[in-house]
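Trainee: this one's sequence-less:
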Ligand SMILES: *Cc1c(COP(=O)(O)O)cnc(C)c1O
């Protein structure tokens, strides 16, 4: 499988090289040159397979030519072997034809584990073969950091540096990052905000001289391997509920358009999906596009669902590429316009065509809390605020009551106690067994000034299993 850039000006790469890159050299994002397509019979024949075997069937075409079947199978078995629930991604019924797909049974209790547990293992596999080491740098406001560290902690050839804003992430989230031990794990608390952290990572990718020749790898949702791993659970959910013979609808809490883009790909690969709902919080750039064809940059609004607090949506460009008949130069022009004006609209027919599949809703903090309350009182299920946004949007945007409606449950409620407290339910979320002693564990992190050169010299001093590069 070859991968091409959404802006059409970068060299095509194979899976291995795409995994080891961030943005394409023309500023675009990598996408498969040809999407694999499965027949209904093929998909139906996968019913009842264990999750890792289904994952192998769905992802095999994407990695073809880069890794042997035997290696890929072994890696997938290991990856999903660390999940705490036997079903890996169990479905829980909330109402008539209404389900939540629980994606929070991985080590860090959020759906990001599905992709980052795999990414770490794939990196290690390819780096061992190449005899290379890499450095990962990422910025986090919470979930990405812990999932990336958990995913890479056993990697022989990876040093990982995660920047978080000092004193501005929740205690559960900080502890999930800072209590993981390993001489290749480096937590940096920057005396600044999340944007400062992200800016430093961006600048480091743009000029990697401080790494003395070591390559920098991206673990944010622009990395193709993350999207790829997320396609699998759409197939898994559908097969549990009578797919592919029946079509389904999905509601997806999203900020960067990563998780929902995976659903869009699942559909284009042959899985019957008749509706995809984009569920956002007040940071609603995607909702404004879907409802009114205006993709316009706004200021940041901190919310009770912080993992979706974004100003622009980094994977949206991948959808734009398809919307424009995979015309790279057209996408490059739109993105350059957006950079200048902060606004982007597409031609009416393209937008109308997109809306045949997608609906959307923006859900504010009050509605998020009242949804947590309502669902808890009606069913006894405690939702995290991101999942609650998905359920709310599912209920308001649903086109058909006779099709299964599945909301992606993106995180465990214990990660976001503030929303649960505000929802005034008479229950406290508890940490699952493997994290019971989280608050007693030792933490390790380094506080650094909000200065690029300080952070970069720290990375250079510690980037080789704690030793200088
Ligand atoms: C990262 C995250 C999201 C948003 O994911 P996208 O890639 O933006 O779709 C939603 N919920 C939780 C809990 C997350 O950690």
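Mentor: In hand now; what should we look at? All values derive from a computational prediction rather than experimental measurement.
Trainee: Could you use CA atoms for every contact and neighbour count after this?
Mentor: Fine.
Trainee: Please work out the average pLDDT along stretch 255-269.
Mentor: Averaged across stretch 255-269, the pLDDT comes to 97.
Trainee: The stretch 251-400 of the chain against the ligand: which residues are in contact?
Mentor: Proximity of the stretch 251-400 of the chain to the ligand is confined to 253-260, 307-308, 386 under the rule Cα under 6 Å from any ligand atom.
Trainee: among those, which are in helices?
Mentor: 258-260, 386 (DSSP state H).
Trainee: Just the pLDDT for residue 429.
Mentor: pLDDT, read off for residue 429, is 89.
Trainee: tell me what the strand or helix carrying residue 147 is packed against?
Mentor: According to DSSP states H and E, residue 147 maps onto helix 143-152. Packing partners of helix 143-152 (3 or more Cα pairs under 8 Å, 6 or more residues apart in numbering; DSSP states H and E): helix 112-130, strand 158-165, helix 171-178.
Trainee: of all these, which lies closest to the ligand?
Mentor: Among the helices and strands packed on helix 143-152, helix 112-130 comes nearest to the ligand, with 6.3 Å by Cα to the nearest ligand atom.
Trainee: Check what contacts the next helix or strand after the closest one and list those residues.
Mentor: Reading on from helix 112-130 to the C-terminus, the next helix or strand found by DSSP H and E is strand 134-139. For strand 134-139, the external contacting residues (Cα atoms under 8 Å, 6 or more residues apart in numbering) are 145, 157-164, 194, 197-198, 201, 214-220, 463.
Trainee: check those against the ligand, which are close?
Mentor: Applying Cα under 6 Å from any ligand atom to the contacts of strand 134-139, none is adjacent to the ligand.
Trainee: Same question for stretch 260-278: list its buried residues.
Mentor: For stretch 260-278, the neighbour count (16 or more other Cα atoms under 10 Å) marks 260-267, 269-278 as buried.
Trainee: Check stretch 434-445 too.
Mentor: For stretch 434-445, by 16+ other Cα under 10 Å, it's 443, 445.
Trainee: distance between the ends of that stretch?
Mentor: 22 Å (Cα to Cα, to the nearest Å).
Trainee: what about it, distance to the chain center?
Mentor: Relative to its chain's centre, stretch 434-445 lies at 24 Å (Cα atoms, centre = their mean, to the nearest Å).
Trainee: Grab the nearest non-local neighbour of residue 156.
Mentor: residue 124 (6.6 Å; Cα to Cα, 6 or more residues apart in numbering).
Trainee: can you check residue 278 too?
Mentor: residue 360 (4.4 Å).
Trainee: Counting neighbours, what do you get for whichever residue of the stretch 1-150 of the chain sits closest to the ligand?
Mentor: Using Cα to the nearest ligand atom, the single residue of the stretch 1-150 of the chain nearest to the ligand is residue 143, 4.8 Å away. Neighbours of residue 143 under the rule other Cα atoms under 10 Å: 23.
Trainee: Just the local confidence number for it, please.
Mentor: For residue 143, the pLDDT comes out at 84.
Trainee: ok, it touching residue 110?
Mentor: Yes. Contact criterion Cα atoms under 8 Å: residue 143 and residue 110 qualify, at 7.0 Å.
Trainee: so what's residue 280 up against?
Mentor: 253-255, 286-287, 308, 360-363, 389-390.
Trainee: For stretch 296-309, which outside residues touch it?
Mentor: Against stretch 296-309 from outside (Cα under 8 Å, 6+ apart): 141-143, 253-256, 280-283, 285, 288-289, 310-312, 342-344, 365, 385-386, 416, 418-419.
Trainee: in it, what counts as buried?
Mentor: For stretch 296-309, by 16+ other Cα under 10 Å, it's 296-297, 303-309.
Trainee: ok, now stretch 61-69?
Mentor: In stretch 61-69, counting by 16+ other Cα under 10 Å, buried: 62-64, 67.
Trainee: rewinding a little: show me which of the contacts of stretch 296-309 are buried.
Mentor: 141-143, 253-256, 280-283, 285, 288-289, 310-312, 344, 365, 385-386, 416, 418-419.
Trainee: Just say helix, strand or coil for the residue nearest to residue 418 when sequence neighbours are not counted.
Mentor: Spatial nearest neighbour of residue 418, chain neighbours left out: residue 304 (7.2 Å); criterion: Cα to Cα, 6+ apart. What DSSP: H, G, I helix; E, B strand; the rest coil gives for residue 304 is coil.
Trainee: any idea how far the ligand is from residue 304?
Mentor: 11 Å (Cα to the nearest ligand atom, to the nearest Å).
Trainee: What's the separation between that residue and residue 165?
Mentor: 17 Å.
Trainee: Also residue 184?
Mentor: Residue 184 is 20 Å from residue 165, by Cα to Cα.
Trainee: Enumerate every residue touching residue 13.
Mentor: 2-4.
Trainee: try 10 Å this time
Mentor: Residue 13 sits next to 1-5, 19, 21, 24, 30-33 when contact means Cα atoms under 10 Å, 6 or more residues apart in numbering.
Trainee: Same check on residue 245?
Mentor: By Cα under 10 Å, 6+ apart, the contact set of residue 245 is 40-41, 43-44, 238-239, 271-272.
Trainee: With residue 12 instead?
Mentor: Residue 12 sits in contact with 2-5, 18, 24, 30-33, where contact means Cα under 10 Å, 6+ apart.
Trainee: mind running it again at 8 Å?
Mentor: 2-5.
Trainee: So which of those wins on neighbours?
Mentor: residue 5 (25 neighbours).
Trainee: Spatially nearest residue to that residue (excluding sequence neighbours)?
Mentor: residue 30 (4.5 Å).
Trainee: The one you found and residue 9 touch, don't they?
Mentor: No. At 11.2 Å, residue 30 does not count as touching residue 9 under the criterion of Cα under 8 Å.
Trainee: between these two, which one's more packed in?
Mentor: A count of neighbours by other Cα under 10 Å puts residue 30 above the other of residue 30 and residue 9, at 27 against 16.
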